[in-house]
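>>> The following comprises the amino acid sequence and a computationally predicted model.
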Amino acid sequence: MKLSSVLLLLLGSAILAFGLYNIHSMSNVTEGGILGLTLLLEYWFGISPSVSGFILTVLCYLLGWKLLGKLFLVYSFISSIGFSVFYGIFEQFDPLFPDIATKPLLAAVVGAIFVGVSVGLCVRVGGAPTGDDALAMSLDRVLPLDIQWIYLISDLVVLLISLTYIPVSKIIYSLLTVILSGQIIGVMQKIPFRKKDKEDSYSFAVEPNRESWTAGDGDISQ
């Protein structure tokens, strides 16, 4: 584990926290993935998101640990803690874009950029800031699909089912967000950060089923 990897994880966590606090929390755009699934479980069965969210997140990280190894858990812990700390810091200030809910298209696009770049950085290094990312990275390890398509499919399934209780008008902007953010995450895996990355970068978006993943500083499955 290198200092450069830790710094990238923290940078990604900071960008994610900034985007979620200043864009997503202000725009009222619903979510796919685990968050969207917890809302579905609450609507269908009355299960509190605090309970279902915790259980689902733990299961995703356990799956990641099983498939990706201990280093994955270390990186994920760093990015998750970093996200919580940075979000708490941003909460001490007023949102920069309090009226962005009146511009849902702009909110969807800008929000997708923040999520795509931030999560893309963390995943590139080998960490999962959220349970959704842990699940996507785990499935990418065993399925012949690039990670951006795994994000997209999982989010689309949840969002489409969410039509049982959410108006189509709200779902449309959420679809735009998850489509853009997923593609950006995939692109981030293919951008070389330095010359050495051409040979040993964390490029599982290109080679999802190779025997071991490398993050530039070691085997992610060790």
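That came in fine, so what should we check first?
>>> So Ile15 sits against Phe114, correct?
Yes: using C-beta atoms under 8 Å as the test, Ile15 is close enough to Phe114 to be in contact (6.1 Å). All C-beta atoms are positioned from the backbone trio N, CA, C, and that covers glycine.
>>> so where's the protein shaky on pLDDT?
Across the chain, the ranges flagged by pLDDT under 70 are 28-31, 193-222.
>>> so where do the helices sit in it?
In the chain, the helices defined using DSSP state H lie at 3-19, 25-27, 33-45, 49-68, 70-90, 104-125, 131-142, 147-161, 168-188, 197-200.
>>> For Pro98, which of the ones you listed is the nearest?
Nearest of those to Pro98, taken as C-beta to C-beta: helix 25-27 at 6.1 Å.
>>> elements contacting that closest one?
helix 104-125 (3 or more C-beta pairs under 8 Å, 6 or more residues apart in numbering; DSSP states H and E).
>>> List the buried residues in the helix it packs on.
Under the neighbour-count criterion of 16 or more other C-beta atoms under 10 Å, helix 104-125 has 104, 107-125 buried.
>>> Then stretch 13-33?
Within stretch 13-33, the residues that count as buried by 16+ other C-beta under 10 Å are 13-27, 29-33.
>>> First residue to last residue on that stretch, what's the distance there?
End-to-end distance for stretch 13-33: 18 Å, by C-alpha to C-alpha, to the nearest Å.
>>> chain center to it, what's the gap?
Put simply, stretch 13-33 sits 11 Å off its chain's centre (C-alpha atoms, centre = their mean, to the nearest Å).
>>> And stretch 118-129, by the same measure?
Chain-centre distance of stretch 118-129: 8 Å, with C-alpha atoms, centre = their mean.
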